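Asks: Requesting a structural model of the entry that follows:
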Amino acid sequence: MEKDLSNYRKSYEKSELLLSEVLENPIELFQKWFYEVDAHFPENETNAMTISTIGLDGYPKNRVVLLKKYTFEGFIFYTNYNSEKGKAIASNSNVCLSFFWHGAERQVIIKGKAEKIAENLSDGYFESRPRGSQLGALVSNQSEVVNREDLEKELLNLEKQFAGKEIPRPSHWGGYIVKPVEMEFWQGRPNRLHDRIRYKLLEDYNWQIDRLAP
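Replies: Modelled structure (predicted):
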């Protein structure tokens, strides 16, 4: 099978990112972009992001997860600590996050280090989840080979076991915070002369800001 995609082209013309208008802290610029995208493209999951890890087999792997919170310290998401991504992070905490908001012709790439958040914070978020999602976290040995029928039977058993009861957060499930060391903001521009602004964290915790060639 062969499919030539060389004629797939799009001209990016919706906005610009001028160095003179860039904010001093990348989290502030991220928040500005997030709010703008969320307001103008509500049909999309603005908080959907790709996380890249280096697996135990030495290969990088990407998958989409949902950003659940961000602060000046970093970006928080939740997962099974025993999953493939959890094992990868335990072995190598260097990760990369990326957001691609195609409607706004924008991309944000974040390099950082992932670490587990405090257990009480994971408890609080777990308690806020729908019961179905709580049971899903209990029943799934994420990334393991599974039979679908067995999985659904175990879910039914758990529904009966916890009927009318509080569902505890499993110890192998919780949050990570990715603390950025570098953030790049990409704004599509005509003629492929895209705007790329990079923030690099310095030893004094200030951010060095540079424009990169497209």
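
Asks: And the helices in the protein, which stretches?
Replies: Using DSSP state H, the helices of the chain run over 26-40, 84-91, 119-128, 131-139, 148-161.

Asks: who's in contact with the helix-or-strand element of the chain with minimal mean pLDDT?
Replies: Scoring the helices and strands of the chain by mean pLDDT, DSSP states H and E places helix 148-161 at the bottom, with a mean of 85. Applying C-beta atoms under 8 Å, 6 or more residues apart in numbering, the set of residues contacting helix 148-161 from outside is L135, G136, L138, V139, S140. C-beta coordinates here come from the backbone N, C-alpha and C atoms, glycine included.

Asks: from those, which is closest to H102?
Replies: Nearest to H102 among the contacts of helix 148-161, counting by C-beta to C-beta, is G136 at 28.8 Å.

Asks: and of the helices of the chain, who's closest to W207?
Replies: In terms of C-beta to C-beta, the element of the helices of the chain nearest to W207 is helix 26-40, at 6.2 Å.

Asks: Put the alpha carbons of the closest one into PDB.
Replies: Taking Å, rounded to 0.1, in the frame of the first residue of the first chain, the C-alpha atoms of helix 26-40 are listed here in PDB:
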ATOM      1  CA  PRO A  26       5.800  30.700  30.600                       C
ATOM      2  CA  ILE A  27       3.000  29.500  32.900                       C
ATOM      3  CA  GLU A  28       1.300  32.900  32.500                       C
ATOM      4  CA  LEU A  29       1.500  32.600  28.700                       C
ATOM      5  CA  PHE A  30       0.200  29.000  28.900                       C
ATOM      6  CA  GLN A  31      -2.700  30.200  30.900                       C
ATOM      7  CA  LYS A  32      -3.500  33.000  28.400                       C
ATOM      8  CA  TRP A  33      -3.400  30.600  25.500                       C
ATOM      9  CA  PHE A  34      -5.400  27.900  27.300                       C
ATOM     10  CA  TYR A  35      -8.200  30.300  28.100                       C
ATOM     11  CA  GLU A  36      -8.300  31.700  24.600                       C
ATOM     12  CA  VAL A  37      -8.400  28.200  23.000                       C
ATOM     13  CA  ASP A  38     -11.000  27.000  25.500                       C
ATOM     14  CA  ALA A  39     -13.200  30.000  24.900                       C
ATOM     15  CA  HIS A  40     -13.100  29.900  21.100                       C
END
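
Asks: So which bits of that helix are buried?
Replies: Buried residues in helix 26-40, defined by neighbour count with 16 or more other C-beta atoms under 10 Å: P26, I27, L29, F30, W33, F34, V37.

Asks: just checking, what's the longest strand in the protein?
Replies: Ordering each strand of the chain by length in residues (DSSP state E) puts strand 173-187 first.

Asks: With just CA atoms, put the least confident helix or strand of the chain into CSV.
Replies: Extracted in CSV, the C-alpha atoms of helix 148-161 (Å, rounded to 0.1, in the frame of the first residue of the first chain):
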residue,chain,number,x,y,z
ARG,A,148,-12.3,-8.1,27.9
GLU,A,149,-14.9,-10.5,29.3
ASP,A,150,-12.9,-11.1,32.4
LEU,A,151,-12.4,-7.3,32.8
GLU,A,152,-16.2,-6.7,32.6
LYS,A,153,-17.0,-9.5,35.0
GLU,A,154,-14.5,-8.1,37.6
LEU,A,155,-16.1,-4.7,37.2
LEU,A,156,-19.5,-6.1,38.0
ASN,A,157,-18.1,-7.9,41.1
LEU,A,158,-16.6,-4.6,42.3
GLU,A,159,-19.9,-2.8,41.7
LYS,A,160,-21.6,-5.3,44.0
GLN,A,161,-18.8,-5.2,46.5
